[in-house]
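In: build me a structure from this.
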Amino acid sequence: MNTTSLDPISKEPEKFRLNKHLALQLGVSRREADNLISAARVTINAETAHLGARFTTADTIAVDDKALKSQTSYVYLALHKPTGYVCSKKRQGDTPTIYDLLPNKYHHLNPVGRLDANSSGILLLTNDGDFAYRMTHPKFHKQKRYEVKLSHKLEPLHRQMMSDYGVQLEDGISKLQLERLNDGDETQWTIAMHEGRNRQIRRTFGSLGYEVIGLHRTNFGDYSLGDIKSGATQIVTMR
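Out: Predicted coordinates:
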């Protein structure tokens, strides 16, 4: 950091919250940033930082002895994820990752939640760890909507079970709210849910003898896929 910012009132070097800066630079929540500080992994000018620490733009901040870049801004990106890509920065065998679709300038962003390789639809990415936490933690009740195609017709009893009572999975009850995507078609459904457990929709239907052969997410909280083309991205604002 080469330029020192001055507080307009005191004329002293302006100081910034360390945990907020770490969250921005590392794409983690402020709680996770505090954990890094508590673990003595963060330094200010080569001195171990402490919780509640502040710094100026003339200071050098490092994590695990690696200096961080100068301050930047938060980015919120919506990707129309196609099938065949994993939500990881590292390839899994020959399967490409979502970062193969992104311009290099967005490779520092982290996905907000996941879509498995066989699923498509809206995926948010950001370097704002607090935003990611609010979008994914169950206590914030962010609704997600999906379009699902099943291997065969959904029985009315099974629809009622999922909507009214839920289906018992190994990690708890799974309830899904279902509506027909097209009148008279019992294989295609729109699903609304607030949870986001690993492969929850596929496991819920699978427990009742159905295979999900198409899974497409159209909405995540206040964000909609809209007209973003498959494989394309769009900058969005925090809501």
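In: show me what the strand ranked longest in the chain is packed up against.
Out: In the chain, assigned by DSSP state E, the strand with the most residues is strand 212-220. When contacts are defined as 3 or more Cβ pairs under 8 Å, 6 or more residues apart in numbering; DSSP states H and E, strand 212-220 packs onto strand 120-126, strand 144-150, helix 200-206. C-beta coordinates here come from the backbone N, C-alpha and C atoms, glycine included.
In: let's see that with 6 Å instead.
Out: With contacts defined as 3 or more Cβ pairs under 6 Å, 6 or more residues apart in numbering; DSSP states H and E, the packing partners of strand 212-220 are strand 120-126, strand 144-150.
In: any idea which of those is most buried?
Out: strand 120-126 (a mean of 23; mean count of other Cβ atoms under 10 Å).
In: can you give me the buried ones in stretch 21-35?
Out: Residues of stretch 21-35 classed as buried under the neighbour-count rule (16 or more other Cβ atoms under 10 Å) are 21-30, 32-34.
In: direction included, what does the longest strand of the chain pair against?
Out: strand 120-126 (parallel), strand 144-150 (antiparallel), strand 223-224 (antiparallel) (DSSP bridges).
In: now for these, which one comes closest to residue 233?
Out: strand 120-126 (8.2 Å; Cβ to Cβ).
In: centre of the chain versus that closest one, how much separation?
Out: From the chain centre to the centre of strand 120-126 is a distance of 7 Å (Cα atoms, centre = their mean, to the nearest Å).
In: can you list contacts of it?
Out: Applying Cβ atoms under 6 Å, 6 or more residues apart in numbering, the external contacts of strand 120-126 come out as 76-79, 81-83, 109, 111-112, 115, 132, 216-217, 220, 225.
In: quick revisit: tabulate the helices and strands packed on strand 212-220 (CSV), appending mean pLDDT and distance to residue 161.
Out: Converted to CSV, these look like this (pLDDT from 0 to 100; distance: least, Cβ to Cβ, whole Å):
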stretch, mean pLDDT, distance to residue 161
strand 120-126, 97, 25
strand 144-150, 98, 15
